[in-house]
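# curious how this folds, go ahead:
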Amino acid sequence: MSTENTASNPIRVIIADDHVLYRAGVKTALSTKKDIQVIAEADNGMHLLNMIGAIEADVVLLDIQMPIMDGIATLPELKKKAPHLKVIMLTMMDDQSMITKLMELGANSYLTKTSDSEIIYQAIKTCHEQEYYFNQLTNQALLSNLKQRNFPGPQKIIQMEAQLTDKEIMILRLMCEEKSTKEIAEVVELSPRTVEAIRDKLKVKTGAKSTAGLIMYAVKNNILDEAL
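Model prediction:
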């Protein structure tokens, strides 16, 4: 049984956005949630990166458009400094090619800044517990780009046809079903640590940069449709 976050062990959140009123609004809305604690605010990417390391956070709400250092430039640097940090990108734009690029760079979700507080709360909770929060925006973007088989993309996800074992294919399918590491471990009868090791090995084999990249690999290669 998974451990739930409580008031004594809340999900620690940083809001990085150059609009003071937006930060204040989100902070106020999240303050009503006992399992969430906004521990810091940043007004640009450089400010945020300087914070990381000095404070321990679980989730970052990262605005794409900020002065000095925007969210797009900040995201890969953030993932280098704190690989386990979950990053939810915030934007005023519904740009499908941008969503795909950000997911490949390691974003865990993508929300428009018009999203209500309950959606933001659910995204934080889901990313913290299951790594990704997929919504209509992210799903449409990923599927749209997957259909464009000849789309070159900013980074080539598949470098060559990977030779995957039956166990690796099973784990990849379960990941595509949005199963958590713990749930996958129970199905395949392995420890969560072993499942994480296999996931890392899958990234190496397929050339994927992130879990989103692995899911795109699975769809492109019809792994979900193949029978073992």
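# so what's C127 up against?
Shown in contact with C127 (C-beta atoms under 8 Å, 6 or more residues apart in numbering): 59, 86, 88, 108-109, 133. All C-beta atoms are positioned from the backbone trio N, CA, C, and that covers glycine.
# pLDDT wise, what is it at?
At C127, the predicted lDDT confidence score is 92.
# which stretch of helix or strand covers it?
C127 belongs to helix 117-130 when elements are defined using DSSP states H and E.
# now do that helix: distance to the chain's middle.
Here the centre of helix 117-130 is set off from its chain's centre by 11 Å, with C-alpha atoms, centre = their mean, to the nearest Å.
# wait, T74 sits on I64?
No - at 9.3 Å, T74 does not count as touching I64 under the criterion of C-beta atoms under 8 Å.
# between those two, which one's more packed in?
In this view T74 and I64 are compared by other C-beta atoms under 10 Å, and T74 has more residues nearby, 26 against 22.
# distance of the residue lying closest to the more buried one once chain neighbours are set aside relative to H84?
Distance criterion C-beta to C-beta, 6 or more residues apart in numbering; nearest residue to T74, sequence neighbours excluded, is G45 at 3.1 Å. Distance, G45 to H84, by C-beta to C-beta, to the nearest Å: 19 Å.
# which of the two has more residues huddled nearby?
Just comparing G45 and H84: by other C-beta under 10 Å the higher neighbour count belongs to G45, 24 against 7.
# taking the contacts of C127 one by one, which sit in helices?
Where the contacts of C127 are compared with helices, as defined by DSSP state H, there is no overlap at all.
# pLDDT, neighbour count and distance to D17 added to the residues you listed, as TSV?
Below are the contacts of C127 laid out as TSV (pLDDT from 0 to 100; neighbours: other C-beta atoms under 10 Å; distance: C-beta to C-beta, whole Å):
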residue	pLDDT	neighbour count	distance to D17
V59	98	23	14
K86	96	26	17
I88	96	21	11
N108	91	28	17
S109	91	27	15
Y133	85	23	18
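# circling back to that earlier point, export the helix holding C127 to CSV, keeping only CA atoms.
Taking C-alpha atoms only, helix 117-130 is exported to CSV below (Å, rounded to 0.1, in the frame of the first residue of the first chain):
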residue,chain,number,x,y,z
SER,A,117,-6.6,25.2,-9.2
GLU,A,118,-8.1,21.7,-9.0
ILE,A,119,-6.4,20.6,-12.3
ILE,A,120,-3.0,22.0,-11.0
TYR,A,121,-3.5,20.1,-7.8
GLN,A,122,-4.2,16.9,-9.6
ALA,A,123,-1.2,17.4,-11.9
ILE,A,124,1.1,17.9,-8.9
LYS,A,125,-0.3,14.8,-7.1
THR,A,126,-0.2,12.6,-10.2
CYS,A,127,3.3,13.6,-11.3
HIS,A,128,4.6,13.1,-7.7
GLU,A,129,3.1,9.7,-7.4
GLN,A,130,3.1,8.3,-11.0
